[in-house]
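Participant: this one's structure only:
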């Protein structure tokens with residue numbers, strides 16, 4: 001266990017603290033930081049205060065603040081016009097085709113479980129579901145009453161807003177995207193392997 005050496009804090013502890021604060025979604029208490037870093041709470045408190053002062057002196061666009069009983073990295077208030085512009089305009093990044101497929105499945109089949117999405121797509125959709133939830137397009141709507149009480153997903157009002165439709169009833173019929181039986185049969189015939197009976 002690394003401890004404070006001669007009144008100074010070991011560099012790996014500083015790095016670990018910054019890494020934790022960087023990935024934390026909610027403010028992190030000094031008690032939890034102390035447990036994870038295996039350091040006394042007083043040491044973590046001093047370290048957080050030192051880091052906050054260092055960031056302020058260096059003039060970074062982010063700051064370490066004490067809020068809601070813990071510490072959190074956040075953007076500086078002075079940078080808020082740029083951050084808002086980035087969030088509103090710069091985050092129009094396209095989502096992956098896998099995410100679009102998953103979103104379409106949920107939109108037309110909801111409520112639907114992760115296992116059901118996986119059965120349709122043929123791959124584990126866990127990371128895609130997390131991405132869609134993070135973007136606010138899907139949410140957990142209920143629990144299946146069957147064995148395991150699987151989480152069932154559905155779309156959100158934001159999903160409808162981004163599509164520009166008032167309700168799920170306004171989505172185009174799924175039959176518009178599915179080829180008719182004759183096309184499917186022709187495709188299957190073209191893919192069929194005919195055994196060679198000449199040998």
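Facilitator: In hand now; what should we look at? From a predicted model like this one, the values you see are computed outputs, not experimental measurements. Numbers count the residues shown, from 1 in each chain.
Participant: the domain parsing of the chain - what is it?
Facilitator: 11-78, 97-189 (automatic domain parsing).
Participant: now do the same end-to-end measure for the first one.
Facilitator: Right, domain 11-78. Chord length of domain 11-78, first to last residue, is 30 Å (CA to CA, to the nearest Å).
Participant: distance from the chain centre to that domain, please.
Facilitator: 23 Å (CA atoms, centre = their mean, to the nearest Å).
Participant: kindly report the same for the last one.
Facilitator: Counting by CA atoms, centre = their mean, domain 97-189 is centred 17 Å from the centre of its parent chain.
Participant: contacting residues around the top helix by length along the chain?
Facilitator: Ranked by residue count, the top helix of the chain under DSSP state H comes out as helix 41-58. Helix 41-58 has contacts (CB atoms under 8 Å, 6 or more residues apart in numbering) with 4, 9, 13-14, 17-18, 30-31, 33-34, 37, 39, 62-66, 71. Bear in mind the C-beta positions are built from the backbone N, C-alpha and C, glycine included.
Participant: before we move on, back to that, who wins for proximity to residue 84 among the domains of the chain?
Facilitator: Counting by CB to CB, residue 84 lies closest to domain 11-78 out of the domains of the chain; the figure is 9.9 Å.
Participant: can you confirm residue 132 is in a helix?
Facilitator: Yes. Under DSSP: H, G, I helix; E, B strand; the rest coil, residue 132 sits within a helix.
Participant: check what pLDDT the nearest residue to it once chain neighbours are set aside gets.
Facilitator: Closest residue in space to residue 132, ignoring its immediate chain neighbours: residue 138 at 4.5 Å, by CB to CB, 6 or more residues apart in numbering. Listed pLDDT for residue 138 reads 94.
Participant: and what of residue 46?
Facilitator: 90.
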